[in-house]
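*Asks:* model this:
(chains A, B, C, D, E and F)
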4 protein chains.
Amino acid sequence: MHKLYDKKQHKKNSLLNAAFDLFTAKGIEKTSISDITLNAKVAKGTFYLYFKSKYDIYYKLISHKSSELFGKATQAMEKEHLRSLNEKIIFLVDHIINELARNPKLLKFISKNLSWAFFKEAVTGTPDSDNFDFQGFYLTMLKEDAATIEEPEIMLYTIVELVNATCHNAILYGEPATIDTLKPFLYRDINSIIDNHKV
Amino acid sequence: MHKLYDKKQHKKNSLLNAAFDLFTAKGIEKTSISDITLNAKVAKGTFYLYFKSKYDIYYKLISHKSSELFGKATQAMEKEHLRSLNEKIIFLVDHIINELARNPKLLKFISKNLSWAFFKEAVTGTPDSDNFDFQGFYLTMLKEDAATIEEPEIMLYTIVELVNATCHNAILYGEPATIDTLKPFLYRDINSIIDNHKV
Amino acid sequence: MHKLYDKKQHKKNSLLNAAFDLFTAKGIEKTSISDITLNAKVAKGTFYLYFKSKYDIYYKLISHKSSELFGKATQAMEKEHLRSLNEKIIFLVDHIINELARNPKLLKFISKNLSWAFFKEAVTGTPDSDNFDFQGFYLTMLKEDAATIEEPEIMLYTIVELVNATCHNAILYGEPATIDTLKPFLYRDINSIIDNHKV
Amino acid sequence: MHKLYDKKQHKKNSLLNAAFDLFTAKGIEKTSISDITLNAKVAKGTFYLYFKSKYDIYYKLISHKSSELFGKATQAMEKEHLRSLNEKIIFLVDHIINELARNPKLLKFISKNLSWAFFKEAVTGTPDSDNFDFQGFYLTMLKEDAATIEEPEIMLYTIVELVNATCHNAILYGEPATIDTLKPFLYRDINSIIDNHKV
DNA sequence: TATGAATGAGGGTTCATTCAT
DNA sequence: CATGAATGAACCCTCATTCAT
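*Replies:* As a prediction, the model looks like this:
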């Protein structure tokens, strides 16, 4: 019988969803565990059956949400048959930006929290069964062009930070321009960055 | 004699310094006013003689510190006689990066808090007697080249966000490379970005 | 078994009793919530599980205590079979005065706080399940004599205020005379007031 | 030279006036000494040059204000040539009620605070040079009729409390009737009370 | 598992009072 | 006399965490 299991999962998911909504709406510091359990319609004590603390649920959320986002982009890319590294990266970036533009709450959450530290850990750390295998993916992608790219990690880092930083305001507030206005410039800049790293 | 005035200034500065240290070390949310007054060696009530709340002292700090940082960079630049826009911007960026590399606490504080929203407001808002006149400066700098730059605001925005985002980890953690390793790539990328905006 | 319910009721009553004692002893303004929880032998936070603020517990106390006092007097009166309005009112007043003389703490609390505004609201407001139904009672009592009384509300008001004001010092301090010395004069005066309102 | 003296008195009066305004507007407990000095446009420390505490200025105000009120009523009465005790008392009461109706702030202040305890002390205590001589006056007034009045103090007490209690709501809120509607009933009741005390 | 009553440390803030100027 | 900066105790209230049910 799966009923008990489902019920358990249901409580946990209620908590995760409630936490996500509240973290994006008020930030982690202004969100209390009472808030979360109240929104999840679950007793206060129940929280501690699934998570150790506010920060525990927080990191699990980042992991889960970013894994989902990158996974989808990767799957979409694999369907296309892109040859050059430039094309691949631009495709991934574009796919992610579009996803985030459609889901600003996710953007708000990811953008503030998806630090390079996290990214790095995901790429180099032990692959996690729950989450997307960044490591495997990026190694494959870059290997093909590894020979021609000087300091590939710096390149990736620069692009990730640039995209993250510029898109945040553009999508959420249209500042200093809408994301559609920004995109051509941004993609031109990304291409320049990749080219700057070619030996 | 200005004994009283000096004493007051001293208390205010103690509070500002304590707040700065704590904000960079623990973040604003985890810093309590008790923490601040304790570190400033001042009674709790004294805090409220100078600031309305934690957020009041916070905004005053951002304003003050960023004003100082940009002001110094600007003064240094004016001593050099640089002709091209590329040279000017690279000079400013380099000056600021060097300053921040020497003062990681300042970097930590500025980087997390100096949003584009703030920058924009400083550039377009009413000039403040206390703080550096961003507006006057950037208008002058860009005016000379305005005709040849497409969407100068997007260009500036992109550069500011790129520098801010990439330097943060590089300086503080040497990730994914030290700032000195990063610099040549970064400056090449900035030059590309500027060039991409030239008509 | 109702163990949990009983425990909760016990805590709530501890708080109500402690608050009552302190309000009569020091007044509401000089009573802190710390005082109340300390006297109730309950943690500070517990207070907020039952009451929203100091004023919340205060109004609930007034409501409760006055309801009890008037309810008892009414019940006693109904056992007697008094015919005239004068007799009824004197009986009620006497019963209440005796009760308050036996319980000076209650007098102290009620007398300071049972304003006409409150009385009026109790008489005209929506009947509350928890508290005594003033409305039903006084309407019944006065209806029988309504035809013969000019301005019954003014009459009632005058009597309530007179009794309240004169008994306070008499009972608590024997000033300017003990309540027993005062009574015959007071009841003669009340009879005169009622008669003055007869058409 | 009177300048220094005037200035001193000026500060003291500013404080008294500010305190009076604030006490009537917010009550003594919700009024802080900062409030008072701020409204009086005087430095905080100056308060302590003239008064020992919030309660000190409070009692001085009651003394002063009630003295003024009763003094005026007495002076007015002496101009009339009233013979009976009933006429005298009704005249005094009417004069005071009219004064208070014209000055609701004074009513608010006096009514809440002019307890019988205070009245008693004023009547029996040592005459104060600053304030009206209640003692001398009431002894004279009652002496003439002393022989014919049983328990004159109880009578006075009853009237004072009745007037105080009934007029407060009537003047300030028109509840349960305006003061003008109430007056005929009240004066009839007062006459009854006096008559009830005649041997 | 699931609950929610209970806790008490710690948060921000106010304010009577003092004292060097 | 007059000032107002400085103090720190005490205020109300929130909340993460525990635990008996």
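
*Asks:* do stretch A:35-44 and chain B meet?
*Replies:* No. Using C-beta under 8 Å from any C-beta of the partner chain, stretch A:35-44 stays clear of chain B, with a minimum separation of 15.0 Å. For the C-beta atoms, the positions are set from N, CA and C on the backbone; glycine is no exception.

*Asks:* Please apply the same query to stretch A:49-68.
*Replies:* No. Stretch A:49-68 lies out of reach of chain B by C-beta under 8 Å from any C-beta, never closer than 11.6 Å.

*Asks:* Just the mean pLDDT for that stretch, thanks.
*Replies:* For stretch A:49-68, the mean per-residue pLDDT is 91.

*Asks:* Domains of chain A: list them as residue ranges, please.
*Replies:* A:1-51, A:62-196 (automatic domain parsing).

*Asks:* Quick one, which of those domains gets closest to residue C:82.
*Replies:* The closest of the domains of chain A to residue C:82 is domain A:1-51. By C-beta to C-beta, the value is 55.4 Å.

*Asks:* now check the closest one, is it near chain C?
*Replies:* No. Between domain A:1-51 and chain C, judged by C-beta under 8 Å from any C-beta, nothing touches; the nearest distance is 12.1 Å.

*Asks:* Return the distance of that domain from the chain's centre.
*Replies:* Relative to the chain's own centre, domain A:1-51 is displaced by 21 Å; criterion: C-alpha atoms, centre = their mean, to the nearest Å.

*Asks:* burial count for the residue in chain A positioned nearest to chain D?
*Replies:* For chain A, the residue closest to chain D is residue A:30, as judged by C-beta to the nearest C-beta, at 30.3 Å. Here the count is done by other C-beta atoms under 10 Å in any protein chain shown, and residue A:30 has 11 residues near it.

*Asks:* contacting residues around it?
*Replies:* By C-beta atoms under 8 Å, 6 or more residues apart in numbering or on different chains, residue A:30 lies in contact with residue B:29.

*Asks:* likewise the one 5 residues further on?
*Replies:* Under the criterion of C-beta under 8 Å, 6+ apart, the contact partners of residue A:35 comprise A:18, A:22, A:26.

*Asks:* which one among the residues you listed gets closest to residue D:170?
*Replies:* Nearest member of these to residue D:170, counting by C-beta to C-beta, is residue A:26, at 50.7 Å.

*Asks:* Next one: the closest residue to that closest one other than its chain neighbours from chain B, what distance?
*Replies:* Excluding the flanking residues, the one nearest residue A:26 by C-beta to C-beta, 6 or more residues apart in numbering or on different chains is residue A:35, at 7.9 Å. Counting by C-beta to the nearest C-beta, to the nearest Å, the gap from residue A:35 to chain B is 15 Å.

*Asks:* so what's residue A:35 scoring on pLDDT?
*Replies:* 97.

*Asks:* Ok, the one 3 residues further on next?
*Replies:* According to the model's per-residue confidence, residue A:38 sits at a pLDDT of 96.

*Asks:* so residue A:21 is in which element?
*Replies:* Using DSSP states H and E, residue A:21 sits in helix A:3-26.

*Asks:* Outside of that helix itself, list whatever touches it.
*Replies:* Here helix A:3-26 has contacts from A:31, A:35-42, A:46-47, A:49-51, A:57-58, A:60-61, A:64-65, A:105-106, A:108-109, using C-beta under 8 Å, 6+ apart.

*Asks:* Check stretch A:174-182 too.
*Replies:* A:97, A:101, A:166-167, A:169-171, B:116-117, B:120, B:151, B:153-154, B:156-157.

*Asks:* If you rank those by neighbours, which is first?
*Replies:* Ranking the contacts of stretch A:174-182 using other C-beta under 10 Å puts residue A:166 first, with 27 neighbours.

*Asks:* Please report how far the residue lying closest to that residue once chain neighbours are set aside lies from residue B:77.
*Replies:* Using C-beta to C-beta, 6+ apart and skipping residues adjacent in sequence, the residue nearest residue A:166 is residue B:161, 5.1 Å away. Applying C-beta to C-beta, to the nearest Å, the value for residue B:161 to residue B:77 is 21 Å.

*Asks:* Was I right to think residue A:51 contacts residue A:58?
*Replies:* No. Contact between residue A:51 and residue A:58 fails when scored by C-beta atoms under 8 Å: they sit 9.0 Å apart.

*Asks:* Not counting its neighbours along the chain, what's nearest residue A:41?
*Replies:* Counting by C-beta to C-beta, 6+ apart, the residue nearest residue A:41 is residue A:14, at 6.6 Å.

*Asks:* roughly how far apart are the residue positioned nearest the centre of chain A and DNA strand F?
*Replies:* For chain A, the residue nearest the mean C-alpha position is residue A:66 (2.9 Å; C-alpha atoms, centre = their mean). Counting by C-beta to the nearest atom of the strand, to the nearest Å, the gap from residue A:66 to DNA strand F is 24 Å.

*Asks:* these two touch, right, that residue and residue A:109?
*Replies:* No. In this structure, residue A:66 is not within contact of residue A:109 by C-beta under 8 Å, at 9.2 Å.

*Asks:* any residues in contact with both of those two?
*Replies:* Shared contacts of residue A:66 and residue A:109 (C-beta under 8 Å, 6+ apart): none.

*Asks:* Which parts of chain A are helices?
*Replies:* Applying DSSP state H to chain A gives helices spanning A:3-26, A:33-40, A:44-50, A:54-79, A:85-102, A:104-113, A:116-124, A:134-146, A:152-173, A:179-196.

*Asks:* Determine the set of other helices and strands touching the longest one.
*Replies:* Applying 3 or more C-beta pairs under 8 Å, 6 or more residues apart in numbering or on different chains; DSSP states H and E, one finds that helix A:54-79 makes contact with helix A:3-26, helix A:33-40, helix A:85-102, helix A:104-113, helix A:116-124.

*Asks:* if we go to 7 Å?
*Replies:* helix A:3-26, helix A:85-102, helix A:104-113 (3 or more C-beta pairs under 7 Å, 6 or more residues apart in numbering or on different chains; DSSP states H and E).

*Asks:* One more: the third one?
*Replies:* With contacts defined as 3+ C-beta pairs under 7 Å, 6+ apart, the secondary structure elements packing on helix A:44-50 are helix A:3-26, helix A:33-40.

*Asks:* Show me which positions of that helix end up buried.
*Replies:* For helix A:44-50, a neighbour-count test (16 or more other C-beta atoms under 10 Å in any protein chain shown) marks A:47, A:50 as buried.

*Asks:* mind saving the C-alpha coords of it as CSV?
*Replies:* What follows is helix A:44-50 as a C-alpha-only set of coordinates in CSV (Å, rounded to 0.1, in the frame of the first residue of the first chain):
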residue,chain,number,x,y,z
LYS,A,44,4.7,23.0,13.8
GLY,A,45,6.4,19.9,15.2
THR,A,46,6.0,18.1,11.9
PHE,A,47,8.5,20.4,10.3
TYR,A,48,11.3,18.9,12.4
LEU,A,49,10.4,15.4,11.2
TYR,A,50,11.6,16.2,7.7
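
*Asks:* Tell me which residues are up against that helix.
*Replies:* The contact list for helix A:44-50 (C-beta atoms under 7 Å, 6 or more residues apart in numbering or on different chains) reads A:11, A:12, A:15, A:33, A:34, A:36, A:37.
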